[in-house]
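> Sequence and predicted structure are below.
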Amino acid sequence: MMNRGLLVIFSGPSGTGKGTVMKSLLNQDRDIRLSVSATTRPPRPGEIDGKDYYFITREKFLAMKASGEMLESAEYCGNFYGTPAAPIEKWISEGRDVFLEIEVQGGAQVKEKRPDAVTLFVLPPSLDELEHRLRSRGTEGNVTVCRRLEVARREIAEAKHYDYVVVNNQVGDAVKQVRGILSAERCRSCRNTQLIERILKHD
């Protein structure tokens, strides 16, 4: 019998490089999937429905939220964003690990509905290094960078509520740690009760 995949809540402040870590994981393991969010905003040029977002109407979004079909949701700049449960459950039932690259508040909503989810927080080596990474982008002014650092402090304070933390000093090392976490989680006894029972039946 195929083992179910893992649901992984993957969080971390802007500038930690979690997107780079995620991209590397997807390149290394074809059984890993990245959750696609739904939104009520119109698609931007080049965006593809079902790949970048599920683009749906406001009415459909609210109906899905009311019926419990959204694992989490939020409103931003007049548009709704959320995580549909159905595609995630399909992948997990096929034995694929599904990552939700999500901020802290959304992750808490998902964990409440899915206590079986593995929570993983990506940390910067230090706040000084985080500031260096944000400024080296050269895309944001001083006020925006300072605001991001303040948000990062609040988010990092929540890391203690996560199951695991990974420091992204070198991307390759961080990816190895994440893959190790996935391997360990698959070996947890609570995820292998059917295996244990099958062995006992054939004793």
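Yep, that arrived.
> In the chain, where is pLDDT below threshold?
The model of the chain has pLDDT under 70 over residues 1-2, 203.
> Could I get the full set of helices for it?
Remark: helices assigned in the chain by DSSP state H are 18-28, 58-66, 85-93, 104-113, 127-136, 142-157, 171-186, 193-201.
> Mind putting these into CSV with distance to Y76?
In short, each C-beta sits where N, CA and C put it, glycine included. Converted to CSV, the helices of the chain look like this (distance: least, Cβ to Cβ, whole Å):
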stretch, distance to Y76
helix 18-28, 18
helix 58-66, 13
helix 85-93, 20
helix 104-113, 11
helix 127-136, 21
helix 142-157, 14
helix 171-186, 27
helix 193-201, 40
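> Could you dump these into TSV with mean neighbour count added?
Converted to TSV, the helices of the chain look like this (neighbours: other Cβ atoms under 10 Å):
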stretch	mean neighbour count
helix 18-28	16
helix 58-66	14
helix 85-93	16
helix 104-113	18
helix 127-136	15
helix 142-157	14
helix 171-186	16
helix 193-201	10
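> quick one: which of those helices is nearest G5?
Ranking the helices of the chain by proximity to G5 (Cβ to Cβ) places helix 85-93 first, at 4.4 Å.
> Just want the angle from that closest one to helix 58-66.
Here the directions of helix 85-93 and helix 58-66 differ by 50 degrees (axes from the mean of the first three to the mean of the last three Cα atoms, to 10 degrees).
> Quick check: the gap between the closest residue to V171 other than its chain neighbours and E101.
Spatially, and ignoring its direct neighbours in sequence, V171 is nearest to T20 (5.5 Å; Cβ to Cβ, 6 or more residues apart in numbering). Applying Cβ to Cβ, to the nearest Å, the value for T20 to E101 is 11 Å.
> now swap in T83 and tell me
Counting by Cβ to Cβ, the separation of T83 from E101 is 10 Å.
> quick one: common contacting residues for those two?
The contact sets of T83 and E101 overlap at S35 (Cβ atoms under 8 Å, 6 or more residues apart in numbering).
> quick one, which of the two is more surrounded?
Set T83 next to E101 and count neighbours by other Cβ atoms under 10 Å: T83 wins out with 23 against 19.
> That one - nearest residue in space that isn't next to it in sequence?
Of all residues not flanking T83 in the chain, L71 sits nearest, at 4.4 Å (Cβ to Cβ, 6+ apart).
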